[in-house]
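sequence? don't have it. structure:
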């Protein structure tokens, strides 16, 4: 189990230590083929790339339907829980969707500037509905809430939110508020550490204070722990990565200069 938590590539029960680690497993797997995925996006045009990305969930759903109806096998009951290898292609599509958004950022900005206020408000409403699809759209209908539908609804909401964040002056002002901006910086650490903090607080403080008070304390403490880990682990790691990248870029520039002189 310890080795699996260090390598973050195999199938194992992610609920044993920190449940949110399941997403890191898929990130590690996708990172191995990430250059190839970006090469595909770079080579293709918008229509081809979007068709390729949307083809992934379509193929996944068709496979799910055939396995369920013909073989009575539900592929959504994963042998490795959320770390199942079957799930990784599903999440590959979201990485490519982010790459597509980055590639056509300028074009999307041009389109956004041309639409009127009514459409912009409609986009905000649509983003909220899609992001909270699980709770807002017939939550008791299991057919509408297969994980693949839920994930793609959330992804659609995220795409709209990112577009608004990059192009809406009002949203930019809000996101650049010191407190909001700082919470955004530590949000990844908050994602990773909030459950261990909450569970640890419940374990150590149970019987010493009411559960509601424990949850309130753990909520506040999650932000403190996340801020500490951001400055002690995440930020130094980011800076180290930038240093390595900068040195490689400098070596490449020196090589290109020598080649040009020759």
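Cool, got the structure. On a predicted model such as this, the values are computed, not experimentally measured, just so you know. Residues are numbered from 1 along each chain as shown.

correct me, but residue 61 touches residue 152?
No - using CB atoms under 8 Å, residue 61 is not in contact with residue 152; the gap is 9.9 Å. C-betas here are computed from N, CA, C, even on glycine.

tell me which of these two has more neighbours.
Between residue 61 and residue 152, counting by other CB atoms under 10 Å, residue 152 is the more crowded of the two (20 against 15).

pLDDT averaged over the helix or strand encompassing the more buried one, what's the number?
Taking DSSP states H and E as the criterion, the element that holds residue 152 is helix 147-167. The predicted model gives helix 147-167 an average pLDDT of 94.

same deal with stretch 128-140?
In this model, stretch 128-140 has a mean pLDDT of 92.

next up, the contacts around residue 188.
Under the criterion of CB atoms under 8 Å, 6 or more residues apart in numbering, the contact partners of residue 188 comprise 230, 234.

pLDDT score assigned to it?
pLDDT, the model's per-residue confidence, is 94 for residue 188.

do the one 3 residues further on as well
Looking at residue 191, its pLDDT reads 95.

isn't it right next to residue 20, touching?
Yes - shown here, residue 191 and residue 20 form a contact pair, counting by CB under 8 Å, at 6.0 Å.

that older thread, what are the contacting residues of the helix holding residue 152?
Contacts of helix 147-167 from elsewhere in the structure, counted by CB under 8 Å, 6+ apart, are 57, 60-61, 64, 76, 90, 94, 97, 101, 105, 108-109, 112-113, 120, 123-124, 126-134, 137, 171-172, 175.

need the pLDDT of residue 74.
pLDDT, the model's per-residue confidence, is 75 for residue 74.

assign it to helix, strand or coil.
The assignment at residue 74 comes out as coil when based on DSSP: H, G, I helix; E, B strand; the rest coil.

grab the nearest non-local neighbour of it.
residue 68 (5.7 Å; CB to CB, 6 or more residues apart in numbering).

surely that neighbour touches residue 62?
No - under the criterion of CB under 8 Å, residue 68 is not in contact with residue 62, lying 10.8 Å apart.

for stretch 231-240, list every residue counted as buried.
Across stretch 231-240, burial judged by 16 or more other CB atoms under 10 Å covers residue 234.

for it, the distance to its chain's centre please.
19 Å (CA atoms, centre = their mean, to the nearest Å).

which SSE is immediately downstream of the one helix or strand the residue nearest to residue 74 maps to?
Using DSSP H and E, residue 68 sits in helix 46-70. The helix or strand immediately downstream of helix 46-70 is helix 88-103, counting by DSSP H and E.

go through that next one and flag the buried ones.
Result for helix 88-103 [16+ other CB under 10 Å]: buried residues 88-97, 99-100, 103.

where does pLDDT dip in this protein?
Counting by pLDDT under 70, the chain contains low-confidence ranges at 76-81, 247-262.

angle of the helix holding residue 68 against helix 88-103?
Orientation of helix 46-70 against helix 88-103 (axes from the mean of the first three to the mean of the last three CA atoms, to 10 degrees) gives an angle of 160 degrees.

helices or strands next to helix 46-70 in the packing?
Contact here means 3 or more CB pairs under 8 Å, 6 or more residues apart in numbering; DSSP states H and E; on that basis helix 46-70 packs against helix 22-43, helix 88-103, helix 147-167.

now tabulate those in TSV and tack on distance to residue 214.
Rendered in TSV, the data for the helices and strands packed on helix 46-70 read as follows (distance: least, CB to CB, whole Å):
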stretch	distance to residue 214
helix 22-43	25
helix 88-103	33
helix 147-167	29
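
residue 235: which of the ones you listed is closest?
If you check each of the helices and strands packed on helix 46-70 against residue 235 by CB to CB, helix 22-43 wins as the nearest, at 18.1 Å.
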